[in-house]
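**Student:** here is the input, now give the coordinates:
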Amino acid sequence: LIQLVESGGGSVQAGESLRLSCTAPGITANNCGMDWYRQAPGKQREWVSEVTNDGRIMYADSVKGRFTISTDKAKDTVYLQMNSLKPEDTAIYSCKTNPPTGRCFARWGQGTQVTVSS
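**Tutor:** Residues are numbered from 1 along each chain as shown. A predicted model of the protein is given here:
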């Protein structure tokens with residue numbers, strides 16, 4: 001079981017940046033990828049970005065060109081650099097291993113709150 005710990009959220013003004021971290025001991029040794037999701041108040045969880053275990057990267061259209069996902073394998077940490085933040089990016093951001101089964105199984109962490117004001 002991989003433990004997920006998200007951090008780096010905060011309250012910022014529109015146009016500013018934040019870098020989120022997802023620390024997950026074991027993801028490198030177990031060859032796991034990682035997804036970032038977000039859930040805004042009153043809305044369903046939304047997929048944001050993914051880095052697969054073979055290094056492929058994908059983004060939701062809503063964040064493409066503004067968000068960048070990256071991995072520090074030495075630290076078993078996946079980052080989400082968020083630039084040009086918009087009020088509609090306000091949500092709780094969570095990470096999840098990919099694939100979410102077998103050696104990469106992990107329960108949802110507590111997430112990290114991102115609030116963007118206009």
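**Student:** report the central residue of the chain.
**Tutor:** Closest residue to the average C-alpha location of the chain: residue 36 at 3.1 Å, with C-alpha atoms, centre = their mean.
**Student:** quick one: that residue is in a helix?
**Tutor:** No: counting by DSSP: H, G, I helix; E, B strand; the rest coil, residue 36 is not found in a helix; it is strand.
**Student:** that one against residue 98, yeah?
**Tutor:** No: counting by C-beta atoms under 8 Å, residue 36 stays clear of residue 98, with 10.3 Å between them. Heads up, the C-betas are built off the backbone N, CA and C, glycines and all.
**Student:** anything in contact with each of the two?
**Tutor:** residue 50 (C-beta atoms under 8 Å, 6 or more residues apart in numbering).
**Student:** which residues does the residue nearest to the centre of the chain bridge with?
**Tutor:** Residues in a beta bridge with residue 36, per DSSP bridges, are residue 49, residue 95.
**Student:** that one and residue 87, how far apart?
**Tutor:** For residue 36, the distance to residue 87 (C-beta to C-beta, to the nearest Å) stands at 19 Å.
**Student:** likewise for residue 19?
**Tutor:** 19 Å.
**Student:** those two: which is more packed in?
**Tutor:** Ranked by neighbour count (other C-beta atoms under 10 Å), residue 19 and residue 87 place residue 19 first, with 14 against 11.
**Student:** dig out what the more buried one forms beta bridges with.
**Tutor:** Beta-bridge partners, per DSSP bridges, of residue 19: residue 81.
**Student:** which residues touch it?
**Tutor:** 8, 79-82.
**Student:** OK, contacts around residue 3?
**Tutor:** 24-25, 106, 109.
**Student:** ok, now how distant is residue 58 from residue 41?
**Tutor:** 26 Å.
**Student:** who has more neighbours out of the two?
**Tutor:** Neighbour count, other C-beta under 10 Å: between residue 58 and residue 41, residue 58 has more, with 13 against 7.
**Student:** any idea whether that one is helix, strand or coil?
**Tutor:** Assignment for residue 58 (three-state DSSP): strand.
**Student:** is it true that it touches residue 49?
**Tutor:** Yes: assessed by C-beta under 8 Å, residue 58 is found in contact with residue 49 at 6.7 Å.
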